[in-house]
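Visitor: I would like to see how this sequence folds:
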Amino acid sequence: MQRLRDTENPADLTQADRDVLGIKDKLPASLAQALRYFDEDEQLKKALGDSLVRKFMVMKDGELKRMNTMPEEDRWRWEVERY
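Guide: Residues are numbered from 1 along each chain as shown. Model (predicted):
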């Protein structure tokens, strides 16, 4: 199996490149999509416990709502400072 070079941006890979590298799925493209996948993952819920998953989802849903009210430049700055 081939490996991705350090200088390559995974987001720029074509489907053919991903096939050669054995990459089957893409990471979520947004926080909303990531949260949906997280909430639908029964195995993860079982491992972490429903209570923790619910609390995390409430926190991240509030964060998402806050981000969606911000102008794009402010949102970018807020994300960089926070993460």
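Visitor: got the contact list for stretch 34-41?
Guide: The contact list for stretch 34-41, computed with C-beta atoms under 8 Å, 6 or more residues apart in numbering, reads 27-28, 44, 53, 56-57, 60-61, 64. In short, each C-beta sits where N, CA and C put it, glycine included.
Visitor: Give me the mean pLDDT for that stretch.
Guide: For stretch 34-41, the mean per-residue pLDDT is 92.
Visitor: any weak-confidence spans in this structure?
Guide: 1, 4-7 (pLDDT under 70).
Visitor: Looking at the protein, which helix is longest?
Guide: Counting residues, the longest helix found in the chain (DSSP state H) is helix 50-68.
Visitor: Just the CA trace of the helix or strand following it, in PDB.
Guide: Moving toward the C-terminus from helix 50-68, the next helix or strand (DSSP states H and E) is helix 72-82. Presented in PDB, the C-alpha positions along helix 72-82 are these (Å, rounded to 0.1, in the frame of the first residue of the first chain):
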ATOM      1  CA  GLU A  72     -17.300  34.000   8.600                       C
ATOM      2  CA  GLU A  73     -14.200  36.000   9.500                       C
ATOM      3  CA  ASP A  74     -15.200  36.200  13.200                       C
ATOM      4  CA  ARG A  75     -16.000  32.500  13.200                       C
ATOM      5  CA  TRP A  76     -12.600  31.700  11.700                       C
ATOM      6  CA  ARG A  77     -10.800  33.900  14.300                       C
ATOM      7  CA  TRP A  78     -12.900  32.300  17.100                       C
ATOM      8  CA  GLU A  79     -12.100  28.800  16.000                       C
ATOM      9  CA  VAL A  80      -8.300  29.600  15.700                       C
ATOM     10  CA  GLU A  81      -8.200  31.100  19.200                       C
ATOM     11  CA  ARG A  82     -10.300  28.400  20.700                       C
END
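Visitor: same for helix 72-82, what does it pack against?
Guide: The contact analysis (3 or more C-beta pairs under 8 Å, 6 or more residues apart in numbering; DSSP states H and E) places helix 72-82 against helix 50-68.
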